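[1] compute the structure for the input listed below.
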Amino acid sequence: MPISEAHAGRSYPPTEPYQISRAKIAEFAAALGDGDNPAYGGTDPIAPPTFAVVLSSAAWGAIFDDPELELSLSRTVHTDQRFAWNRPLRAGDEVTAQLTIEQVRARGPMAFVTIAVHLVTTAGEDVCTATSTLLHRAVAA
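    So this is what the prediction gives:
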């Protein structure tokens, strides 16, 4: 059965912990053209807000690997992204990402799939929820 409204609420196991390093923060900030920002350097840097995509996208594999959903990245467009922050990501944080399907709106062969990826430190501190809307086209019958 392809993805449908019935899949809303389905959660997947958290990803393996990801260790955020000063080097990864610096690389990401440089890629954004913001490598000179003092917040992203020094001895106690924070990560740029969009660094959460690195962690949340790792959790996306769970839905694309779920055979019941019949999803394919090649038939998916990422249409929206939002972040709800409790605090910035910092060098030294060890974070897991857990994906939940929040909502599915099927319209013919298309489905709008809203997913939330909850980022939590291994110490149990809530850091961020990254919410995305994906537009997925089913395989033609």
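[2] report how many residues lie close to Gly92.
    Gly92: 12 surrounding residues under other CB atoms under 10 Å. The way it works is simple: take the backbone N, C-alpha and C, and place the C-beta from them, glycine included.
[3] my bad, Asp65
    Other residues near Asp65 number 10, with proximity taken as other CB under 10 Å.
[4] and it, how far from Ser72?
    When distance is defined by CB to CB, to the nearest Å, Asp65 is 11 Å away from Ser72.
[5] equivalent analysis for Gly124, please.
    In this structure, Gly124 lies at 35 Å from Ser72, with CB to CB as the measure.
[6] out of those two, which sits in the busier spot?
    Neighbours were counted for Gly124 and for Ser72 using other CB under 10 Å; Ser72 has more, 12 against 6.
[7] who's in contact with the top helix by length along the chain?
    Counting residues, the longest helix found in the chain (DSSP state H) is helix 52-64. Contact partners of helix 52-64, identified using CB atoms under 8 Å, 6 or more residues apart in numbering, comprise 12-15, 18, 24, 28, 69, 71-73, 81, 83, 89, 95, 97-99, 101, 113, 115, 117, 119, 128, 130, 132.
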